[in-house]
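Undergrad: Provided below for reference: sequence and predicted model.
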Amino acid sequence: MESRISVDSTICNGKPIIRGQRITVQTILEFLSAGDTKEDILAQYPSLQPEDIDACLKFAADLMSHQYSISSIAT
């Protein structure tokens with residue numbers, strides 16, 4: 001995954017991107033969540049490889065392995 005997903009503060013405002021391209025992990029995840037298939041995404045972005053999409057999913061899954069706490073502020 002490290003060779004496919006990177007963060008560069010000068011590209012896409014520092015969002016995680018795929019192989020240095022201006023395609024963000026978020027974009028791919030949004031397509032998948034909207035019901036697009038890998039094949040749909042690959043047709044839309046011919047510079048991507050199937051492994052890039054897999055890396056986006058792994059990246060998101062790895063983020064979910066962290067501990068988070070949500071606090072609310074009473075007004």
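TA: Arrived safely, thanks for sending. All values derive from a computational prediction rather than experimental measurement.
Undergrad: Could you count how many residues lie near L63?
TA: 11 (other C-beta atoms under 10 Å). C-beta here means a position set from N, CA and C on the backbone, and glycine is covered the same way.
Undergrad: To which secondary structure element is it assigned?
TA: Element membership for L63 (DSSP states H and E) is helix 50-64.
Undergrad: List of residues touching that helix?
TA: Applying C-beta atoms under 8 Å, 6 or more residues apart in numbering, the external contacts of helix 50-64 come out as 1, 4-5, 16, 18-19, 25, 28-29, 32, 38, 41-42.
Undergrad: Could you give the average pLDDT over stretch 45-65?
TA: What stretch 45-65 shows for mean pLDDT is 96.
Undergrad: Then stretch 26-37?
TA: Computed over stretch 26-37, the average pLDDT equals 98.
Undergrad: Which stretches in the chain count as strands?
TA: 5-7, 16-18 (DSSP state E).
Undergrad: Is it possible to get the ones you listed out as a markdown table so that each row also shows distance to D52?
TA: Formatted as a markdown table, the strands of the chain follow (distance: least, C-beta to C-beta, whole Å):
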| stretch | distance to D52 |
| --- | --- |
| strand 5-7 | 8 |
| strand 16-18 | 5 |
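Undergrad: Let me know the pLDDT of S72.
TA: At S72, the pLDDT recorded in the model is 72.
Undergrad: For burial, what's the neighbour tally of it?
TA: With other C-beta under 10 Å as criterion, S72 counts 5.
Undergrad: what about burial for the contacts of helix 50-64, which qualify?
TA: Among the contacts of helix 50-64, those classed as buried by 16 or more other C-beta atoms under 10 Å are R4, I5, P16, I18, V25, I28, L32, K38, I41, L42.
Undergrad: Among these, name the ones in helices.
TA: V25, I28, L32, K38, I41, L42 (DSSP state H).
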